[in-house]
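>>> one predicted model, sequence on top.
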Amino acid sequence: MTDRTPLRIVLAEDSVLLREGLVRLFDEAGFETVAAYGEADSLLAAIDETEPDLAVLDVRMPPTFRDEGVRAAIELRRRKPKLGVLLLSQYVEGTYAHELLSSGEGGMGYLLKDRVASLDELEDAVERVSQGGTVLDPQVVRELLARRSDPLENLTPREREVMTLMAEGRTNAGIAKQLFIGVGAVEKNVTSIFQKLALEDSGTDHRRVLAVLTWLQR
């Protein structure tokens, strides 16, 4: 035992048995679980009151059991960039994972429940994340890498036609005339292309040029 201040943890896990088990485990490890919830919204609502060092969340929780935990984690990092976040899940949620991993200054962890080999391993992960480190299950890394794809592959056939004509230097009106569609339809396709290529309007870069460059470099 040391005289250091116990690590303060908030927990969101919808399974009562697992939630209570984690609370006991954290207590035995010398951590302090300041609050434990069955869903993510309650954790978010009380985060300023609990003032934790680390948030531990499941990925899929009520009400939809889809991605509540990881979306809550992103919101936590937005509000408290230095807060450590550890996701414990049976699933790899790739939709928001990149955003979560690249956000905030605090530690980040993503472990699969079924692959945590020992309580010591979990305790070590909590310590490392709370100190600003990153802990990723190898399976999480493999799945996230496998899901990486060329954003151009997500373009629809119509968007590809629009993109080709953009590369030829045609205006929206010129593209509309070539494809026998309205200018409004072209504008919607162009907007969709910008979104799929993650080209935000920065006020300085010309998104149309950047989109064309991406297209020509494929």
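Received, thanks.
>>> what residue ranges in the protein score low on pLDDT?
Across the chain, the ranges flagged by pLDDT under 70 are 1-3, 94-95, 98, 102-104, 144-149, 202-206, 217-218.
>>> can you show me the strands along it?
Assigned by DSSP state E, the strands in the chain fall at 8-12, 32-37, 54-57, 84-89, 108-112, 134-136.
>>> list the neighbouring strands of the third one plus their orientation.
Here strand 54-57 has these sheet partners by DSSP bridges: strand 8-12 (parallel), strand 84-89 (parallel).
>>> let me know the outermost residue of this protein.
Centroid-distance maximum for the chain: residue 177 at 40.7 Å, with C-alpha atoms, centre = their mean.
>>> how close does that residue get to residue 209?
Going from residue 177 to residue 209 by C-beta to C-beta, to the nearest Å gives 22 Å. C-beta coordinates here come from the backbone N, C-alpha and C atoms, glycine included.
>>> who's in contact with the closest residue to residue 127 other than its chain neighbours?
By the measure of C-beta to C-beta, 6 or more residues apart in numbering, the closest residue to residue 127 outside its immediate chain neighbours is residue 7, 7.6 Å from it. Each residue near residue 7 by C-beta atoms under 8 Å, 6 or more residues apart in numbering is listed here: 30, 31, 32, 53, 54, 126, 127, 130.
>>> now the buried members of these.
The neighbour-count test (16 or more other C-beta atoms under 10 Å) marks 31, 53, 54, 126, 127, 130 as buried among these.
>>> and those, which is closest to residue 45?
Of all those, the one with the least separation from residue 45 (C-beta to C-beta) is residue 54, at 18.0 Å.
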